[in-house]
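Engineer: Following is a predicted model, sequence given first.
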Amino acid sequence: MKVVKFGGSSVANAEQISKIIDIVVSDADRRMVVVSAPGKRFSEDTKVTDLLIALGETVLAGDDYEPALEEVVGRYGEIRQELDLPETIIQTIRADLQGRIENRSSNDLQFMDTMKASGEDNNAKIIAEAFIKKGCPAKYVNPGAAGMLLSDEFGNAEVLPESFENLAKLKYEAEIIIFPGFFGCTKSGEVATFPRGGSDITGAILAAAVKAEVYENFTDVDSVCAMDPRIIDNPPAIDCMTYREMRELAYAGFGVFHDEAIIPAVHAEIPICIKNTNNPSAPGTMVVPSRKPELGSVVGISSADGFSAIYIDKYMMNREVGFGRRLLQILEDEGIPFEHTPSGIDNMSVILRTSTLSDKEAAVLSRIENELDPDKVVIDHGLSLVMVVGEGMHYTPGMAAKATEAFHASGVNLEMINQGASEISMMFAVKDTDRIIAIRSLGAAFFG
Ligand SMILES: Nc1ncnc2c1ncn2[C@@H]1O[C@H](COP(=O)(O)OP(=O)(O)O)[C@@H](O)[C@H]1O
Ligand SMILES: N[C@@H](CC(=O)OP(=O)(O)O)C(=O)O
């Protein structure tokens with residue numbers, strides 16, 4: 001059995017939906033289909049999830065939400081018309097959205113999740129109808145009813161372990177399952193969503209639950225590229241990579257696959273194949289537990305902006321037992337996760353996502369000053385992380401030198417390096433303004 005996930009670009013309009021039906025019916029093993037909400041039909045278009053966020057925010061602001069609601073309904077209306085499905089579907093979708101608004105929770109985050117989740121939920125219902133109309137027995141399955149249980153961190157939920165056993169039962173269904181991605185429900189029955197891009201996570205959970213032979217993730221590129229194709233023209237394609245490589249690259253900027261979607265696949269050892277809905281015969285990129293890399297080879301280079309660094313200097317820090325723990329405790333108390341902590345004998349830095357600091361920055365600074373008595377503490381913003389990743393980098397001398405020479409030659413100032421924490425990656429922090437040039441210079445150094 002194969003679990004297949006189609007991203008927003010693959011289900012953005014009737015033409016794309018017709019392609020996904022052909023892809024599914026062309027292989028009898030493709031029994032479970034996870035779908036996203038309609039994505040962008042052209043580059044300046046707006047994803048339905050973003051329209052739903054705008055609708056939810058209009059409702060919360062107490063403004064007239066009818067135009068925003070009609071814009072969402074209009075997107076489904078166009079799909080329905082082109083697929084020649086009954087008009088009643090659109091009335092049902094409008095009533096569904098009205099119901100979500102009228103019965104809204106007093107918890108704004110939970111309400112927003114209910115609105116966001118409707119994107120995939122209503123699309124899955126339409127797509128199931130489209131399969132049936134083409135004579136292919138298919139069935140919409142509601143994630144909550146099927147036992148996709150999530151934590152109650154609305155907008156950032158995680159799967160609960162019992163979900164896997166609940167969802168395993170779906171493999172006995174006779175029809176092709178059409179399963180909306182991106183959401184599930186909490187133990188108390190409230191809708192909760194994964195982080196943005198989370199339909200990839202739904203697909204991986206289902207694949208692990210039913211012990212699929214492969215998790216096929218269909219998107220709009222032939223393969224994962226060694227660098228973001230939006231930054232570099234014609235980057236090399238990746239035929240095969242490991243879970244670890246994909247996780248590291250996805251975590252820092254490879255938008256093509258969600259980094260958290262790797263975990264369920266790793267646990268169940270399900271290979272992932274990333275393929276193109278617009279060119280399904282292309283082999284795609286395989287993501288597998290292990291591979292034999294060429295020594296010294298790099299598989300990919302990714303980058304992401306939106307990071308900050310806390311720099312702390314304190315003479316004799318190395319003698320102060322518990323300094324690091326107390327620093328991290330302050331972040332824990334404030335609910336701030338950290339990404340990297342490079343340290344020296346008298347200094348320690350913590351890299352974190354700027355969005356997680358938000359309004360807590362002053363409190364964090366004052367606690368560090370009062371509780372850790374540093375010689376100096378500063379918080380720097382506007383940083384990007386650049387990751388160079390490859391199983392082949394392990395035990396290969398000269399990899400960092402090659403990267404720093406490339407930075408030097410292109411005038412990129414390095415703010416921080418973290419090498420060795422992970423044996424398959426090097427992390428470089430640079431100013432946001434240097435990110436693109438940093439990627440291009442590394443690309444030239446490692447891929448020619
Ligand atoms: N390293 C990469 N390789 C391929 N595509 C990438 C990479 N980094 C970013 N992308 C972008 O990811 C896009 C596909 O991801 P996404 O928009 O989430 O697709 P979907 O609509 O299928 O969910 C591609 O169109 C491409 O622009
Ligand atoms: N629709 C959701 C979830 C998702 O995974 O979408 P996509 O497959 O278009 O990345 C989002 O936009 O975040």
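Structural biologist: Received, thanks. Ligands and ions are numbered 1, 2, ... in the order given.

Engineer: and residue 296, which of the three is it?
Structural biologist: Here residue 296 is recorded as coil under DSSP: H, G, I helix; E, B strand; the rest coil.

Engineer: List the contacts of it.
Structural biologist: Applying CB atoms under 8 Å, 6 or more residues apart in numbering, we find residue 296 in contact with 392, 393, 396, 398, 399. Any C-beta I mention is one placed from the backbone N, CA and C, and that applies to glycine too.

Engineer: Just the buried subset of those, please.
Structural biologist: 392, 393, 396, 399 (16 or more other CB atoms under 10 Å).

Engineer: In strands, which of the residues you listed appear?
Structural biologist: Among the buried ones among the contacts of residue 296, no residue falls in strands (DSSP state E).

Engineer: Which residue in those residues has the weakest pLDDT?
Structural biologist: Ranked by pLDDT, those bottom out at residue 396, which has 78.

Engineer: wait, isn't that one in contact with residue 295?
Structural biologist: Yes. Using CB atoms under 8 Å, residue 396 makes contact with residue 295 at a distance of 5.7 Å.

Engineer: How about residue 347, nearest residue that isn't a chain neighbour?
Structural biologist: Leaving aside its sequence neighbours, residue 347 sits nearest to residue 313 (CB to CB, 6 or more residues apart in numbering; 5.0 Å).

Engineer: Verify the contact between that neighbour and residue 378 for me.
Structural biologist: No. Here residue 313 does not reach residue 378: they are 9.0 Å apart, not a contact under CB under 8 Å.

Engineer: If we go by neighbour counts, what in stretch 221-228 is buried?
Structural biologist: Buried-residue list, stretch 221-228, by 16+ other CB under 10 Å: 221, 222, 223, 224, 225, 226, 227, 228.

Engineer: picking up where we left off before, which one's more surrounded, residue 313 and residue 378?
Structural biologist: residue 313 (15 against 12; other CB atoms under 10 Å).

Engineer: How about the backbone phi and psi for that one?
Structural biologist: Main-chain torsions, residue 313, degrees, to the nearest 10: phi -110, psi 140.

Engineer: what is it paired to in the beta sheet?
Structural biologist: Note on residue 313: beta-bridge partners by DSSP bridges are residue 347, residue 376.

Engineer: State the pLDDT value of it.
Structural biologist: As predicted, residue 313 sits at a pLDDT of 96.

Engineer: Now do the strands in the stretch 51-200 of the chain.
Structural biologist: 138-140, 176-180, 183-185, 191-193 (DSSP state E, counting those that start in this stretch).

Engineer: Turn the ones you listed into a markdown table, columns for mean neighbour count.
Structural biologist: Shown next, in a markdown table, are those (neighbours: other CB atoms under 10 Å):
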| stretch | mean neighbour count |
| --- | --- |
| strand 138-140 | 18 |
| strand 176-180 | 24 |
| strand 183-185 | 26 |
| strand 191-193 | 27 |
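
Engineer: gap between the residue nearest to residue 347 and residue 376?
Structural biologist: Distance, residue 313 to residue 376, by CB to CB, to the nearest Å: 4 Å.

Engineer: and what of residue 443?
Structural biologist: Between residue 443 and residue 376 the computed distance is 36 Å (CB to CB).

Engineer: How about the contacts made by the residue nearest the centre of the chain?
Structural biologist: When CA atoms, centre = their mean is applied to the chain, the residue found nearest the centroid is residue 258 (2.9 Å). By CB under 8 Å, 6+ apart, residue 258 lies in contact with 194, 195, 197, 198, 200, 201, 250.

Engineer: now the second one, nearest residue through space, not along the chain?
Structural biologist: Spatially, and ignoring its direct neighbours in sequence, residue 195 is nearest to residue 156 (5.3 Å; CB to CB, 6+ apart).

Engineer: Pull up the residues of the stretch 1-150 of the chain that are close to ligand 2.
Structural biologist: Counting by CB under 6 Å from any ligand atom, the residues of the stretch 1-150 of the chain close to ligand 2 are 7, 8, 36, 37, 39, 47, 49, 119.

Engineer: Ligand 1 next: which of these are close?
Structural biologist: 7, 8, 36, 39.

Engineer: Local confidence estimate at the closest residue to residue 188 other than its chain neighbours?
Structural biologist: Distance criterion CB to CB, 6+ apart; nearest residue to residue 188, sequence neighbours excluded, is residue 152 at 7.6 Å. In this prediction, residue 152 carries a pLDDT score of 95.

Engineer: cool, and residue 420?
Structural biologist: 68.

Engineer: What distance do you get for the closest residue to residue 124 other than its chain neighbours to residue 13?
Structural biologist: Spatial nearest neighbour of residue 124, chain neighbours left out: residue 180 (3.8 Å); criterion: CB to CB, 6+ apart. From residue 180 across to residue 13, the span is 18 Å (CB to CB).
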